[in-house]
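1. Next come a sequence and a model predicted from it.
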Amino acid sequence: MAHRFCDKGIRTYILARNRERTEKACDELGPNAVPYIFDMDRLEDIPGMIEEIYAKEGRLDILVNNAGVNMKRDFLEVDDTAFGQVLHTNVSSVFAISREVVKKMRMGPGGSIINISSMAARYGMPKVIAYSASKTAIEGMTRAMAVELAQYGVRVNCIAPGFIETKMTATALDSDPERKAKVYARTPMGRMGSPDDIADAAYFFASQESKFVTGTVLPVDGGNSIGF
């Protein structure tokens, strides 16, 4: 997504916790990428961070809520603290940064907020109860935000990625042949997607091509969510 935005000439702030990796990524992305070292769990610092970026740029047009954590654990082994930590990062931070960004978007021509959901919100998956709850919340928030923020010219949409070819996915599936076979069997298109597929969807929602689209959840999954 960041590659696509930068390639299209969009000045893109990359928020992440690890300075070395973030700055390296921005070097690879080119001059339109700006590293900003920040921990989204620090909700109290989000308003100041948005104020700083807005002061430098004078506008905020696009927000992609992509920060998130997962926890794979049996249901009965998930304690309240662990459950709350996942929701804190995956839901509370999305709400907090969206609220602060909308305060700026409504002063200009509006903008586009793009939330990232998951197949975990599309169907039941074992051992990811907190993650599933958080991504289901994101889809509900997307619809509620879209209805309330349309008056400000702010559109809110959501992408629900299926199984995408990444290093993390490869590590997870290569160590679990049974799960890997199930992924392919359930996906009508018979393959995993690429990061470019998610980038295409994000750029569509960010651009004027989607100017009359808001409140939608778009599965980008090769049909996995409706596969039999």
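-> Everything's here; your move.

2. which strands and helices sit next to the helix or strand of the chain with the lowest mean pLDDT?
-> Counting by mean pLDDT, DSSP states H and E, the weakest-scoring helix or strand in the chain turns out to be helix 167-174, with a mean of 80. For helix 167-174, the packing partners by 3 or more C-beta pairs under 8 Å, 6 or more residues apart in numbering; DSSP states H and E come out as helix 177-186. Yep, even glycine has a C-beta here, placed from its N, CA and C like the rest.

3. CA atoms only: put the helix it packs on into CSV for me.
-> Provided in CSV are the C-alpha atoms of helix 177-186 (Å, rounded to 0.1, in the frame of the first residue of the first chain):
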residue,chain,number,x,y,z
PRO,A,177,0.5,-28.5,5.5
GLU,A,178,-3.0,-29.4,6.5
ARG,A,179,-4.0,-25.8,7.0
LYS,A,180,-2.2,-24.8,3.7
ALA,A,181,-4.2,-27.4,1.8
LYS,A,182,-7.4,-26.1,3.4
VAL,A,183,-6.6,-22.6,2.3
TYR,A,184,-6.1,-23.6,-1.3
ALA,A,185,-9.2,-25.9,-1.4
ARG,A,186,-11.4,-23.2,0.0
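
4. which outside residues touch it?
-> Helix 177-186 is contacted from outside by F163, A172, L173, D174, G190, R191, M192, N224, G227, F228, using C-beta atoms under 8 Å, 6 or more residues apart in numbering.

5. Could you rerun that using 7 Å?
-> For helix 177-186, contacts defined as C-beta atoms under 7 Å, 6 or more residues apart in numbering pick out F163, L173, G190, N224, G227.
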